[in-house]
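J.: Return atomic coordinates for the entry below.
(2 chains)
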Number of protein chains: 2
Amino acid sequence: MAILSVGYQGERGAYSEQAARLFFRGKARLVPYAQFSEVFRHASKGGAHFSVIPIENSLFGSVHENYDHLIRSKLSIVGEIKLKIQHQLMASRGTTLKEIRTVYSHPQALGQCQEFLRSLKRVETRAFYDTAGAAKMLARENLRDAAAIASEQAAKTYGLKILKRNIEDNHHNFTRFLVLSTRPIKPKLHPKTSLVFSVRDVPGALFKALAVFALRDINLHKIESRPLVGRPWEYLFYLDISGCPGDPIVRQAVSHLREFCTFLRILGSYEAGKTR
Amino acid sequence: MAILSVGYQGERGAYSEQAARLFFRGKARLVPYAQFSEVFRHASKGGAHFSVIPIENSLFGSVHENYDHLIRSKLSIVGEIKLKIQHQLMASRGTTLKEIRTVYSHPQALGQCQEFLRSLKRVETRAFYDTAGAAKMLARENLRDAAAIASEQAAKTYGLKILKRNIEDNHHNFTRFLVLSTRPIKPKLHPKTSLVFSVRDVPGALFKALAVFALRDINLHKIESRPLVGRPWEYLFYLDISGCPGDPIVRQAVSHLREFCTFLRILGSYEAGKTR
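T.: Residues are numbered from 1 along each chain as shown, chains lettered A, B, ... in the order given. Okay, here's the model as predicted:
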C-alpha cells in the first residue's frame, strides 16, 4: 500500500504536525505548507491524501479563515482530533535560562505565555511566523542568548533543549483539528456532521433552522453566528450535530433545513475525536 | 458637571481610545490601562465612570477574555460602537518607505497586514504589546530605519508621519466595542440585550432556550456556543437579542429562560451601535 501523505500548515514540529502524527499514528508522510491556502489548494488538486487544519481553540475561538477555505473548497471533513496545547521554552544546548535575552515565537503563543514571560527579567519577545519556525531558526543560527516557544515535537525535530515545560498561562488550552479529504466518509462510531448555512434575517429564522434538528432529537454540539461583513443583518451559522446524513433522520433534517436556507453546505461527517 | 472618565486597554492612540473618543464625542477624559483586567478592576471600584472594551472582531471572532471579565464583574453593558479597523504604516518625519528595515506592531495587526509586509523587501517584523505602544516607542527612541503599524490616532498622538494608509489585507475588518458602567441603563432607541447562559447538555436544550425568545417574536443578533474547557459537553452560550428587560415580553422571556438554565447572566441593555 502506498504511504498516505498528509498536508498541514507550519514548519516541521508545528502543533498541526503533532495532531496529524497522533491522528495517523505515525503512518503517514507529513507535508508542511507555509499558508493554509496552500494546504487547501494542494489537497484539492489531489496533491495530498489528507490535510489536518486547526478549526477552533478553547481560548481564541473559531479559525474563521479555515471555515472560509472549507466553504470554498471541495474537501470534506473526515476526522477530528483535540490537542492539549502545551508550550515549551527551548534553546540551543548549553544555553541556560538566565542567559536568555530574546524569546521568539508565533504572536499567539507569546500571548499565551505572557505571565511566564513577564517573570523573566530583561527579556524581549519577537514575533515569528510560526512556533516551530522560531525553533528551526534558533537551531540553524545557533543563537546563544535566545529561546523559542514551541511544541515538544519542535524541540525534538530541531535538537533543542527544553528549559521550562508547559509555560502556558492557561492550562485549559485545547485546539480542535479537522482532518480533510477529497473523499467524504461514512463514520461508524460516534458520528458528527458539520454544516454551514445562512438564513434570511427574519425573527425566528434561526429558531426554525434549529427546530429541524430538535424536533428529530438530533443533538447540537456547536453553534456560532458570524456576521457577514459588508452585508449587515446577514449571518453565516456554523453548526455541528450528532449523526450523519447516512441516518434517515439526519438526511431528512438537512433536506428540511434546505427549504428555508439561503445557503447551505455540509462540510462533512466524521467520528467525534478524542482529546490527546 | 464633572468630566466623565473612561478607561480603556492600551497606550494612548489605541483603537479602543479611538472608539471611546467617537462614542463620547471627545467629551471625556480617557484613561489608558495596560491590561483588560485592570480596566475591569478600576471600573468596578468606581475608578472610571465608563470603560470601552473590544468584544468581537469580524475576522477573529469573539474576545473570550472580555466575556470572562464581564461575567465575573458587576459592570453592565450600556453602549456599543463598531469601528472599521484601518491600519497605517507610520515612521518618524524624514524616514522614507525605502529606509524601513523593521516594522513594530501588535502581533494581530502584523498578521492583518501580512500581504503588505511581504511586498516590502528586506523588512523584519517585531511584535509589540500594543499597536499604539509601538508608535510611542518609535517616536521616543526616534528610530530612523523603523516603522510602526497603528491607528491614525496614534500617528497624531506621537507626531509620526503616515507612510502608507490602510495597509490591512482585508478591508472588511470591523471591531465591535462595548461601553461598560457600574450603573445599568434603559435604552430608548433600538435596544439590544446581551446574555450569557448555560444549559444542561440534553438533546434540544438549546432549542428550548431559543424558543423562549422565538415564541415571543424576539429577534436574535448573535449566538455562539463556547465549550467549557475541563467540562466536556458543557457549553456557555453568548446571546444578543433585540429589546431589553424593560419590555414585558423580554422580561418574561428571560424569566422563562431561567427556569431551565444552569447559569444565566444579563450583561446589559444598550442602544444598538453604529459603524464608524
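
J.: beta partners of the closest residue to residue A:127 other than its chain neighbours?
T.: Leaving aside its sequence neighbours, residue A:127 sits nearest to residue B:127 (CB to CB, 6 or more residues apart in numbering or on different chains; 3.2 Å). C-betas here are computed from N, CA, C, even on glycine. In this structure, residue B:127 bridges to residue B:105 when assessed by DSSP bridges.

J.: quick one: contacts for residue B:127?
T.: Residue B:127 sits next to A:107, A:110, A:125-127, B:104-107, B:110 when contact means CB atoms under 8 Å, 6 or more residues apart in numbering or on different chains.

J.: ok, residue A:17 to chain B distance?
T.: 21 Å (CB to the nearest CB, to the nearest Å).

J.: Three-state assignment for that residue, please.
T.: Classification of residue A:17 by DSSP: H, G, I helix; E, B strand; the rest coil places it in helix.

J.: so it touches residue A:8, yeah?
T.: Yes. The pair residue A:17 and residue A:8 passes the contact test of CB atoms under 8 Å, sitting 5.6 Å apart.

J.: higher neighbour count, these two?
T.: The neighbour count for residue A:17 versus residue A:8, taken as other CB atoms under 10 Å in any protein chain shown, is higher for residue A:8 (27 against 24).

J.: Quick check: the more buried one vs chain B, distance?
T.: 19 Å.

J.: how about the residue of the stretch 101-250 of chain A found nearest chain B, what does it touch?
T.: Per CB to the nearest CB, residue A:107 is where the stretch 101-250 of chain A lies closest to chain B, at 2.4 Å. By CB under 8 Å, 6+ apart, the contact list for residue A:107 reads A:127, B:106-108, B:110-111, B:127.

J.: for the helix or strand harbouring residue A:78, the distance to its chain's centre please.
T.: Assigned by DSSP states H and E, residue A:78 belongs to strand A:76-84. Counting by CA atoms, centre = their mean, to the nearest Å, strand A:76-84 is centred 8 Å from the centre of its parent chain.

J.: just to revisit the earlier point, shared neighbours, residue A:17 and residue A:8?
T.: A:30, A:32.

J.: Looks like residue A:56 contacts residue A:175 (just checking).
T.: Yes. Residue A:56 is within contact range of residue A:175, at 7.2 Å (criterion: CB under 8 Å).

J.: what touches both of those two?
T.: By CB under 8 Å, 6+ apart, residue A:56 and residue A:175 have no common neighbours.

J.: Can you classify residue A:251 by secondary structure?
T.: The three-state label given to residue A:251 by three-state DSSP is helix.

J.: Flag every buried residue along stretch A:82-95.
T.: Within stretch A:82-95, the residues scored as buried using 16 or more other CB atoms under 10 Å in any protein chain shown are A:82-83, A:85, A:87-92, A:95.

J.: Any chance of JSON lines for the residues you listed, columns distance to residue B:32?
T.: Converted to JSON lines, the buried residues of stretch A:82-95 look like this (distance: CB to CB, whole Å):
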{"residue": "A:82", "distance to residue B:32": "38"}
{"residue": "A:83", "distance to residue B:32": "36"}
{"residue": "A:85", "distance to residue B:32": "31"}
{"residue": "A:87", "distance to residue B:32": "29"}
{"residue": "A:88", "distance to residue B:32": "34"}
{"residue": "A:89", "distance to residue B:32": "30"}
{"residue": "A:90", "distance to residue B:32": "35"}
{"residue": "A:91", "distance to residue B:32": "35"}
{"residue": "A:92", "distance to residue B:32": "39"}
{"residue": "A:95", "distance to residue B:32": "36"}
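
J.: Find the pair from these with maximum spatial separation.
T.: A:82 and A:95 (33.1 Å; CB to CB).

J.: circling back to that earlier point, of the buried residues of stretch A:82-95, just say which sits nearest to chain B.
T.: residue A:82 (9.4 Å).

J.: now that closest one: how far from residue A:178?
T.: Between residue A:82 and residue A:178 the distance is 11 Å, computed by CB to CB, to the nearest Å.

J.: Paired strands for the helix or strand hosting residue A:5, with orientation please.
T.: Applying DSSP H and E as the criterion places residue A:5 in strand A:4-9. Taking DSSP bridges as the criterion, strand A:4-9 sits next to strand A:28-33 (parallel), strand A:50-57 (parallel) in its sheet.

J.: can you tell if the helix or strand just after the longest one touches chain B?
T.: Scanning forward in sequence from strand A:50-57, with DSSP H and E defining helices and strands, the next element found is strand A:61-62. Yes. Between strand A:61-62 and chain B, judged by CB under 8 Å from any CB of the partner chain, the touching residues are A:61-62.

J.: and the residue most central in space within chain A, what are its bridge partners?
T.: Taking CA atoms, centre = their mean as the criterion, residue A:54 is the residue nearest the geometric centre of chain A, at 0.7 Å. In this entry, residue A:54 is beta-bridged to residue A:177, by DSSP bridges.

J.: Does it touch residue A:180 like I think?
T.: No. Contact criterion CB under 8 Å: residue A:54 and residue A:180 do not qualify, at 11.8 Å.

J.: quick one: residue A:46 is in a helix?
T.: No. Counting by three-state DSSP, residue A:46 falls outside a helix, being coil.

J.: In space, what's closest to it - neighbours in sequence excluded?
T.: residue A:182 is the one closest to residue A:46 (CB to CB, 6+ apart), at 6.5 Å.

J.: No further queries at this time; thank you.
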